[in-house]
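Q: Any chance you can model this:
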Amino acid sequence: MKKSARLRKAIMERRAVIVPGCHDALSAKVIASCGFEAVQISGFGLAGSLLGKPDVGLVSMKEVLDLTWNIVQAVDVPVMADADTGGGNAVNAAWVTDRLITMGAAGMNIEDQVFPKRCGHMAGKQVISAEEMVGKVKACAKVRDSLDPDFIINARTDTFAVHGLDEAIRRGNLYLQAGADLVFIDAIAKRSDIAQAVNKINGPLSVNLMDGVTGVKTELLPVPELAKLGVARVSIPVASIMLTYKALKDFFVALKQSPTGTLPGATQSMPGFAEYTEFIGLPQYHLMEREFLLQEDVEQRYGKAL
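A: Numbering: from 1, shown residues only. Model prediction:
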């Protein structure tokens, strides 16, 4: 079964399938190796890892597509891309959809924020008209139907923070009618809001959870409870970039403070060199060298042990 079909099946079962966010190819590989069924590319994470900047629309669509290609090629599980606002109007959004399907992505988020957009849990969001977003969704859906009918269009609305739950539900249903497969109400607040959205939206609902992250707007609910409510997908979008920041900060602060300039007692926080290089596939490249390079070159590099 192709990746997009696997993702579609999981979402349509409405069992709150967990789709963690990644910020690069390595974090995607780690998530996939832990047994998760799919990964979601985090625009927040891309901005942080690529630029060291906040998610306020600074990463170009060309950069998003290049990074998405790297991530899609790195893992065997379905990857949902983050198309932000689609790169412009409906014509731009259609082109981005074409590129994502062609590179092998299994789905994408597209949102109704005004460009430049910002992370959904930041203040100061603005949204375009529902009618303009409907046009974007229709354009994306036309491309999907011609290239890969299983490709998931996750229509994200940020209007909860701007106009409230009723408008978010209204927009969600309009986007489903326009051809979206999944609705995501970003920064929805509490359990009762989620339950109401599940009941009133005429299709599958996605929500975000940010376990362990303070200052976010959505109530942290157990995933089995979300599944019982009928939520289709649960994204955990920022964990990979936040954990990376914390681990790097903790290690290098300790290293700077070390009187010896070394941290022999901190090795438990690091893998062995062999473990890491095996995870990223170095042994497979050694096998390719042995198969395709001149034998004398291989022996000169490694001896006869390789």
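Q: Which secondary structure state is assigned to the closest residue to Gly57 other than its chain neighbours?
A: The spatially closest residue to Gly57, leaving aside those adjacent along the chain, is Pro116, at 2.7 Å (CB to CB, 6 or more residues apart in numbering). C-beta here means a position set from N, CA and C on the backbone, and glycine is covered the same way. Recorded secondary structure, Pro116: coil (DSSP: H, G, I helix; E, B strand; the rest coil).
Q: Hmm, Pro116 is touching Val59, no?
A: No. With contact defined as CB atoms under 8 Å, Pro116 does not reach Val59; the gap is 10.1 Å.
Q: okay, these two: which has more neighbours?
A: Val59 (20 against 12; other CB atoms under 10 Å).
Q: Surely that one touches Ala47?
A: Yes. Counting by CB under 8 Å, Val59 does reach Ala47; the two are 5.2 Å apart.
Q: tell me, what's touching these two both at once?
A: Common contact partners of Val59 and Ala47 (CB atoms under 8 Å, 6 or more residues apart in numbering): none.
Q: all helices for the stretch 1-150 of the chain, in order.
A: For the stretch 1-150 of the chain, the helices defined by DSSP state H, counting those that start in this stretch cover 3-12, 25-33, 43-46, 61-74, 90-103, 130-147.
Q: Only the C-alpha atoms, please, for the first one, written as PDB.
A: Going back to what we said before, that points to helix 3-12. Extracted C-alpha coordinates of helix 3-12, given in PDB (Å, rounded to 0.1, in the frame of the first residue of the first chain):
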ATOM      1  CA  LYS A   3       2.200   5.900   1.800                       C
ATOM      2  CA  SER A   4      -0.700   8.200   1.100                       C
ATOM      3  CA  ALA A   5      -3.100   5.300   1.200                       C
ATOM      4  CA  ARG A   6      -1.700   4.200   4.500                       C
ATOM      5  CA  LEU A   7      -2.100   7.700   5.900                       C
ATOM      6  CA  ARG A   8      -5.600   8.000   4.600                       C
ATOM      7  CA  LYS A   9      -6.700   4.700   6.100                       C
ATOM      8  CA  ALA A  10      -5.300   5.700   9.500                       C
ATOM      9  CA  ILE A  11      -7.000   9.100   9.500                       C
ATOM     10  CA  MET A  12     -10.300   7.800   8.300                       C
END
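Q: Tell me where the stretch 101-250 of the chain is predicted with low confidence.
A: 119-122, 211-218 (pLDDT under 70).
Q: quick one, domains of the protein?
A: Using automatic domain parsing, the domain parsing of the chain gives 3-244, 271-306.
Q: and the shortest one, average pLDDT?
A: Domain 271-306 carries an average pLDDT of 89.
Q: What ranges does the protein have for its strands?
A: Remark: strands assigned in the chain by DSSP state E are 17-22, 39-41, 79-82, 107-111, 152-157, 182-185, 205-208, 233-236.
Q: strands paired with the first one, and their directions?
A: I take that to be strand 17-22. strand 39-41 (parallel), strand 233-236 (parallel) (DSSP bridges).
Q: cool, the third one as well?
A: As defined by DSSP bridges, the strand partners of strand 79-82 come to strand 39-41 (parallel), strand 107-111 (parallel).
Q: Asp24 is nearest to which of the ones you listed?
A: Among the strands paired with strand 79-82, the nearest to Asp24 by CB to CB is strand 39-41 (9.2 Å).
Q: Quick check: the nearest residue to Glu13 once chain neighbours are set aside vs Gly203, distance?
A: Counting by CB to CB, 6+ apart, Glu13 lies nearest to Ala232, which is 7.7 Å off, once chain neighbours are set aside. Relative to Gly203, Ala232 is positioned 8 Å away (CB to CB, to the nearest Å).
Q: list residues touching both of these two?
A: Leu182.
Q: Out of those two, name the residue with the larger neighbour count.
A: Ala232 (25 against 18).
Q: So that one sits against Val19, correct?
A: No. Ala232 sits out of contact with Val19 when judged by CB under 8 Å, with a separation of 10.2 Å.
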